[in-house]
Every structure is written in C-alpha cells, then in structure tokens.
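A.B. asks: one predicted model, sequence on top.
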Amino acid sequence: MIDFDKVFPLVYPSPQQDPKSLKFLADLLNEFEPKTILEIGTGCGALTTMLALSGAKVVSVDQRDNPMQYWEHLIHEGKIKAEDVDITFHKANSQIQETADLVKGIYDWVLIDADHSWAGGLKDWDLYSKMANVVGIHDIAGYDDKTKNNDKYDWFPTRKWHQLKRTYNITRETPNLPAGGWGFIFK
Ligand SMILES: C[S@@+](CC[C@H](N)C(=O)[O-])C[C@H]1O[C@@H](n2cnc3c(N)ncnc32)[C@H](O)[C@@H]1O
C-alpha cells in the first residue's frame, strides 16, 4: 500500500509525470495491489521508485545509463530503506526480442512509456503487452490528430488508446488532463 502524501514528495517533481497521474497510479496501485510490474521506459526512475514503494517487485527497462541513481540516492539520504524497493533494472533496447526474452514472464501489470512513435510503441506493445492482464500506456491525451484521423498519425499512446478503448470493455484513465495521462486496459 502507498501512503500517497508521504510518497509524493519523494517522486515529484518528476520530469515525466504530472501530480494527477501520480495520484491516479497510486490509487490504482492501492486498489489492485499488483505484486509484479514490468515497466518499459524507466526514465529518471522516479515512477519506478513509487511503483516499488507500493510493495510490488519491479522489473524496469530503459536504454538510459543509470536511473538506479534515483532510488539509490533516496536510500543514501535515508528517505527510503533499501529493503522497501525491489527493483531490477535492465539497460537495454526494449524493441528487440532479446530484451523481451530477458524479462520474459507473467506480470500483474505491464506499463509502457518508452518510444512514443507509432512504430516504436507498437514494437513494445507487441513484445510486452502479452505478459500481463493489466496494461497501462502513458501519454494518451493531448496529441490527437487535428484532422481527426486518429488511426493514422505518428504518436503511439494516443492512437493506440483510441483503438484499445474500442476493444476492451474495462479501461481506466487519468481523468481530465489536457496532455499526458495513463490509460489502463483490463483484459
Ligand atoms: C517518457 S520517458 C519514461 C518516463 C518514465 N516512465 C517516468 O515516468 O519517469 C521515455 C523513456 O523511454 C526510453 N526509451 C525510448 N526508446 C527506448 C528503447 N527503444 N529502449 C529502451 N528505452 C527506450 C528513454 O530513454 C526514456 O527514458
């Protein structure tokens, strides 16, 4: 369980997540209590830290060098305990089969927030979405094609989200955001 008021100052400001989305995720973590999470796109490691502080075992992939510094710094500062965060980080290109093989498994949640191009996002979707029954993608809002041709433009999260909402009966999303936000499907 996450005490959001305590965790929020540790993970925000994060360059990638707005407060509403962090709250949305914290509420979802508390509601569903996933035990295992695969995160594609670690970024700076702030969200990874929040996911782990919920009690989940987190496996995270990014091509960046050292996002571990984020949670290691908090541990060093005494703000969190090492035993409170179970995170395995892989520096790797998420879009290749070798990486999918490396993290292969059944997770409670898969979160996709890496390459946002249509082709790149779709690669991640094809490789990882099958590894969980609950899948979240980030940056679903605010990038709509101005021509309304939402099935053609090059922004994976929004375009895919339009499709997913037509496919899955149960979806949840960060409410009322001009841009960004998470969308979750429950298969
Ligand atoms: C929007 S950021 C992730 C933010 C993170 N989820 C957070 O909340 O802080 C996108 C990340 O995806 C990573 N990325 C982009 N393409 C990638 C690829 N092909 N393989 C691995 N990581 C990739 C980038 O290095 C970047 O850190």
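C.D. replies: Sure, I can see it. Numbering: from 1, shown residues only.
A.B. asks: so what pairs up with the residue nearest the centre of the chain in the strands?
C.D. replies: Closest to where the C-alpha atoms of the chain average out (CA atoms, centre = their mean) is residue 111, at 3.5 Å. Counting by DSSP bridges, residue 111 forms beta bridges with residue 39, residue 136.
A.B. asks: show me where the protein has its helices.
C.D. replies: For the chain, the helices defined by DSSP state H occupy 4-11, 19-32, 46-53, 68-76, 97-103, 118-128, 156-167.
A.B. asks: TSV for the ones you listed, including mean neighbour count, distance to residue 142 and mean pLDDT?
C.D. replies: (C-beta placed from N, C-alpha, C; glycine too.) As requested, these are arranged in TSV below (neighbours: other CB atoms under 10 Å; distance: least, CB to CB, whole Å; pLDDT from 0 to 100):
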stretch	mean neighbour count	distance to residue 142	mean pLDDT
helix 4-11	15	22	94
helix 19-32	18	12	96
helix 46-53	25	19	97
helix 68-76	17	26	97
helix 97-103	14	29	98
helix 118-128	18	16	97
helix 156-167	18	7	92
